[in-house]
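Chemist: Starting from these lines, generate the structure:
(chains A and B)
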2 protein chains.
Amino acid sequence: MRANKLTQAEIDKALAELNRGLDAPWRLVDRKLEKEFKFPDFVAAFGFMTRVALQAEKLGHHPEWFNVYGVVRIQLSTHEAGGISGLDFDLARSIESLDPLA
Amino acid sequence: MRANKLTQAEIDKALAELNRGLDAPWRLVDRKLEKEFKFPDFVAAFGFMTRVALQAEKLGHHPEWFNVYGVVRIQLSTHEAGGISGLDFDLARSIESLDPLA
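Modeler: Numbering: from 1, shown residues only, chains lettered A, B, ... in the order given. Presented below is the predicted three-dimensional model:
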């Protein structure tokens, strides 16, 4: 099940794969998968959030996130699993697949 | 100037006016104007955020905000003023003017 809680070893492996080739990595913070994205202004930041929102709704899995002006901080975890699941990595990969210049 | 820092007395007065007639009040938390909005699901919450984003961009004044699923927590302050300004109350009023059922 994609929504099952992953072990620390599974998380370490999936995180290494997720971060391969990324300029800025996702990190484990407070048992959540976290990354901060920076944009030149609010319109760019909210445009990104809108695209993430559509991906999240499509996956049926949603982020915790914070925005102020050009900064978007995303935290992923699976409430029902009490930790990080495959769904969090699915959403993270989906977010990374968005073209940051679009 | 709308962006000037308000005194505590000015904040108290504006907050009382803002909250008049509202079911749920805005509060002062950590020297910011804060309110939490709850929606039945992510689509409703993000729809609300999108409408707030358009209002904020129109006002040229943006929120700090956090979302998880149906919860949207908004904090307003004016960075350049080092506190709460008239702009924060403008944005709060603008947010309250949105039809929550739309």
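Chemist: Look at the residue nearest the centre of chain A and report its pLDDT.
Modeler: By CA atoms, centre = their mean, chain A has its centre lying nearest to A:Ala92, at 3.6 Å. Looking at A:Ala92, its pLDDT is 98.
Chemist: what packs against the strand or helix carrying it?
Modeler: Taking DSSP states H and E as the definition, A:Ala92 sits inside helix A:86-96. Packing partners of helix A:86-96 (3 or more CB pairs under 8 Å, 6 or more residues apart in numbering or on different chains; DSSP states H and E): helix A:8-19, strand A:32-38, helix A:42-59, strand A:71-76. Every residue, glycine included, has its C-beta placed from N, CA and C.
Chemist: 6 Å instead, please
Modeler: For helix A:86-96, the elements it packs on are helix A:8-19, helix A:42-59, strand A:71-76, judged by 3 or more CB pairs under 6 Å, 6 or more residues apart in numbering or on different chains; DSSP states H and E.
Chemist: For A:Lys5, the count of nearby residues, please.
Modeler: Neighbour count of A:Lys5, defined by other CB atoms under 10 Å in any protein chain shown: 16.
Chemist: Sorry, slip of the keys, the one I care about is A:Ala9.
Modeler: By other CB under 10 Å, neighbour count at A:Ala9 equals 8.
Chemist: That one: what's it in contact with?
Modeler: Contact criterion CB atoms under 6 Å, 6 or more residues apart in numbering or on different chains gives no residues in contact with A:Ala9.
Chemist: Could you check how far it is from B:His79?
Modeler: 43 Å (CB to CB, to the nearest Å).
Chemist: Could you report the neighbour count for A:Ala44?
Modeler: 17.
Chemist: What's the per-residue pLDDT of the nearest residue to it once chain neighbours are set aside here?
Modeler: Sequence neighbours aside, A:Gly70 is the residue nearest to A:Ala44 in space, at 6.6 Å (criterion: CB to CB, 6 or more residues apart in numbering or on different chains). For A:Gly70, the model assigns a pLDDT of 97.
Chemist: and the angle for the helix holding A:Ala92 with helix A:8-19?
Modeler: Here the directions of helix A:86-96 and helix A:8-19 differ by 10 degrees (axes from the mean of the first three to the mean of the last three CA atoms, to 10 degrees).
Chemist: How about residues contacting helix A:86-96?
Modeler: A:Arg2, A:Ala3, A:Ala14, A:Leu18, A:Trp26, A:Leu33, A:Val52, A:Gln55, A:Leu59, A:His61, A:Leu76, A:Thr78.
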